[in-house]
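Colleague: missing the sequence, but the structure's below:
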Ligand SMILES: C[S@@+](CC[C@H](N)C(=O)[O-])C[C@H]1O[C@@H](n2cnc3c(N)ncnc32)[C@H](O)[C@@H]1O
């Protein structure tokens, strides 16, 4: 059934149907002749009709001849060499490799098995001509027989410098042969035989890597992409084409079925297709599009776009930002003590994510941590010194950990020596302002800016069962709620937050609580898509109004959840029933980084747009200074009290409606 529906459409029929609308029809001519019937014999009539039909056909063909060439025509004919690919009609290399026999048929193989191969190269020429900077180099990593360089060189009016590399000696020989002519036209052509990982990339304005990254071991891909990024000058572009896999297994099956049919239509037999597929197993390991995009952004590319997509083949272009980073972000200082608290390999995730997903996640979390939220040099040095002091304190599992009282208690003063206690007090003082609590750490009672215990108390009656569940606290701050969740005996709680201060506080707690069920991932909210289908319960507390794409964030959260799981949202907003959101010009209640403040109605709408169901609003009250205020341990210049209009507490100092808090419980279907 399926195969029959795939029969190619007879193209000429479609064209006739289209063009019949454009040209004189034989039918009106026939009617005119019929009206003249009384003056003619029937023989003359038949001849007349045939002539008219013939004339109309002539008109049709004449017209259709004027239409342009077929759309798939590219501007340059590619210079293919070698023989027809029948390698796997017999027994080709298994596992697959680019050996001499394969190289002999490679041009035919690649052009018949890669969909849109010629169109992609045609498109590549546009990108090269737009972004290549004379005097710099163009690289082709995995250049094979040099077809791409050959056409680039032909398209260039002036000489250019082409650097290719391939680790198949037979490919390199073929490539050098194909490009001999280019050297005689004053192009500089360097074709290296070797591994991409060993190639020095420098002074590049354009790097091509078509259908090659997929052959590089996953563990080395970050290094390759990072090398490309570093070797590109500012504003340079990488052009990467790959076979990709779908993140949805059903679609992956569909894509494979479509692709195999495509190959049959290109003249490959079922046996050939099956044998080659078998040989490529574990040799060609495709990323998903998300993984490739993630890997590109992880090494620093800022504009990452898909330029071509056909089923399970995608071409990405990505650019190294031409804008030099100025100010805070440019500063890089060594922070070895701080870095020693970063867990570089989150092995606990291997129980939940497949190896490829984990690989990409590791790259992304490393990138986020390396950036350290763009902290200034002085801030970084401060944290570095606090980390140094902390590492001088012993690490042990305290017997005094209490998670079921308002104040999260970790450590008893008797567990530290006097000197150690003094050192801890000094750390605690330097860590001001403390935001989420209350806390009691080794007897130091830390009254934090936020009474997070009040929020926890409101949520408890509405929590789904947390016992043995895998939970995420997105925007976890210092992890106060994560510890409170422990009293419900969860299996795992992953906190996600890109704030160095909060991360540091969590590291302090964990140095003495040492509870393996709690994990902190130093990442941003968009990382949720990397935890596909992992969480039974997600908390998203006080986060949505800090993103300029709240619905996008909710969708990402949805992706991370299991079927039937629960989301608990707490969001700052404005009172009223209208389906609106406030968008402050700059600051809201003295806070920067606040975007949309929804009414409860709008918050519900966001949730349902993100596919959530069974929404229940279980708390809706104005925020009070009982819950958020300046304290000795949080000597911030402004808290809620200082951010409301002194003459009208229903307004913020900027004149906006005063903050309201909404809590909602929702289900993923
Ligand atoms: C599918 S072919 C690429 C085709 C070519 N880029 C094109 O668009 O026609 C992959 C090429 O990458 C080369 N290759 C694979 N891994 C490599 C590595 N680590 N270093 C250098 N070349 C590699 C292979 O020898 C092969 O020629």
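Modeller: Cool, got the structure. Note that this is a predicted model, so its numbers are computed, not measured.
Colleague: got the contact list for the residue in the stretch 51-200 of the chain that the ligand sits nearest to?
Modeller: Nearest residue of the stretch 51-200 of the chain to the ligand: residue 142, at 2.8 Å (Cβ to the nearest ligand atom). Glycine gets a C-beta too; all of them are placed from N, C-alpha and C. Applying Cβ atoms under 8 Å, 6 or more residues apart in numbering, one finds that residue 142 lies in contact with 165, 166, 196, 209, 210, 211, 212, 215.
Colleague: got a list of what the last one touches?
Modeller: The contact partners of residue 215, taken as Cβ under 8 Å, 6+ apart, are 142, 283, 284.
Colleague: contacting residues around residue 368?
Modeller: Taking Cβ under 8 Å, 6+ apart, we find residue 368 in contact with 498, 522, 523, 524, 527.
Colleague: Just say helix, strand or coil for it.
Modeller: For residue 368, the assignment made with DSSP: H, G, I helix; E, B strand; the rest coil gives helix.
Colleague: The residue found closest to it once you drop the neighbours it is linked to in the chain: how many residues sit nearby?
Modeller: Nearest non-adjacent residue to residue 368, counting by Cβ to Cβ, 6 or more residues apart in numbering: residue 523, 5.0 Å away. By other Cβ atoms under 10 Å, 21 other residues sit near residue 523.
Colleague: Please name the residues that touch the residue of the stretch 351-500 of the chain found nearest the ligand.
Modeller: Proximity of the stretch 351-500 of the chain to the ligand (Cβ to the nearest ligand atom) peaks at residue 359, 17.0 Å away. Neighbouring residues of residue 359 by Cβ under 8 Å, 6+ apart: 218, 219, 221, 291.
Colleague: Just give me the neighbour total for the last one.
Modeller: Residues contacting residue 291 under the criterion other Cβ under 10 Å number 24.
Colleague: Give the rounded mean pLDDT of whatever helix or strand it lives in.
Modeller: Per DSSP states H and E, residue 291 falls inside helix 289-299. What helix 289-299 shows for mean pLDDT is 90.
Colleague: do the same with stretch 234-241
Modeller: Computed over stretch 234-241, the average pLDDT equals 96.
Colleague: Could you pull out the buried residues of that stretch?
Modeller: 236, 237, 238, 239, 240, 241 (16 or more other Cβ atoms under 10 Å).
Colleague: swap in stretch 257-264?
Modeller: Result for stretch 257-264 [16+ other Cβ under 10 Å]: buried residues 259, 262, 263.
Colleague: How about stretch 612-632?
Modeller: Residues 612, 615, 623, 624, 627, 628, 629, 630, 631 are the ones in stretch 612-632 that count as buried (16+ other Cβ under 10 Å).
Colleague: Do me a favour and get the end-to-end distance for that stretch?
Modeller: Across stretch 612-632, the terminal residues are separated by 41 Å (Cα to Cα, to the nearest Å).
Colleague: Not counting its own residues, what contacts it?
Modeller: So stretch 612-632 is contacted by 447-451, 454-455, 458, 461-462, 554, 558, 567, 570, 572, 575, 600, 604, 607-608, 636, 638-642, 658-669 (Cβ under 8 Å, 6+ apart).
Colleague: Count the neighbours of residue 563 for me.
Modeller: Residue 563: 9 neighbours (other Cβ under 10 Å).
Colleague: For residue 349, give its distance to the ligand.
Modeller: Distance of residue 349 to the ligand, given as Cβ to the nearest ligand atom, to the nearest Å: 27 Å.
Colleague: still on that earlier bit, can you flag which of the contacts of residue 368 belong to helices?
Modeller: Judged by DSSP state H, the contacts of residue 368 include no members of helices.
Colleague: Tabulate those (CSV), appending pLDDT and distance to the ligand.
Modeller: Converted to CSV, the contacts of residue 368 look like this (pLDDT from 0 to 100; distance: Cβ to the nearest ligand atom, whole Å):
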residue, pLDDT, distance to the ligand
498, 95, 33
522, 95, 31
523, 95, 30
524, 92, 32
527, 91, 29
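Colleague: Of these, which is the nearest to residue 428?
Modeller: Of all those, residue 428 sits closest to residue 522, with 21.5 Å by Cβ to Cβ.
Colleague: I'd assumed residue 498 was in contact with the closest one.
Modeller: Yes. Look at residue 522 against residue 498 with Cβ atoms under 8 Å: they come within range, at 6.2 Å.
Colleague: I'd like the contacts of residue 215 as JSON lines, with distance to residue 474, pLDDT and secondary structure appended.
Modeller: Output for these, formatted as JSON lines (distance: Cβ to Cβ, whole Å; pLDDT from 0 to 100; DSSP: H, G, I helix; E, B strand; the rest coil):
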{"residue": "142", "distance to residue 474": "39", "pLDDT": "98", "secondary structure": "coil"}
{"residue": "283", "distance to residue 474": "38", "pLDDT": "95", "secondary structure": "coil"}
{"residue": "284", "distance to residue 474": "35", "pLDDT": "96", "secondary structure": "coil"}
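Colleague: so which residue of the stretch 551-669 of the chain comes closest to the ligand?
Modeller: Counting by Cβ to the nearest ligand atom, the stretch 551-669 of the chain gets nearest the ligand through residue 559, at 31.3 Å.
Colleague: dump the residue contacts of the nearest residue to that residue once chain neighbours are set aside.
Modeller: Spatial nearest neighbour of residue 559, excluding adjacent residues (Cβ to Cβ, 6+ apart): residue 529 at 5.0 Å. Each residue near residue 529 by Cβ under 8 Å, 6+ apart is listed here: 290, 556, 559, 560.
Colleague: hang on, residue 529 in a strand?
Modeller: No. Using three-state DSSP, the assignment for residue 529 is helix, not a strand.
Colleague: and the residue of the stretch 301-450 of the chain found nearest the ligand, what pLDDT?
Modeller: Residue of the stretch 301-450 of the chain nearest the ligand, by Cβ to the nearest ligand atom: residue 315 (10.5 Å). At residue 315, the model reports a pLDDT of 98.
Colleague: Touching, it and residue 305? I think so.
Modeller: No. Between residue 315 and residue 305 there is no contact under Cβ under 8 Å: 9.5 Å.
Colleague: any idea which of the contacts of residue 359 is closest to the ligand?
Modeller: Of these, the one sitting nearest to the ligand (Cβ to the nearest ligand atom) turns out to be residue 221, at 10.3 Å.
Colleague: Get me the contact residues on this protein for the ligand.
Modeller: Residues of the chain that fall close to the ligand, judged by Cβ under 6 Å from any ligand atom: 98, 110, 142, 144, 147-148, 165-168, 171, 195-196, 210-212, 215-216.
Colleague: Filter the residues you listed down to the buried ones and hand me the ChimeraX line.
Modeller: Those of the residues of the chain next to the ligand that count as buried under 16+ other Cβ under 10 Å are selected in ChimeraX with:
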select :98,110,142,144,147,148,165,166,167,168,171,196,210,211,212,215,216
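Colleague: Just the ones of the residues of the chain next to the ligand in helices?
Modeller: Secondary structure assignment by DSSP H places 110, 147, 148, 171 of these in helices.
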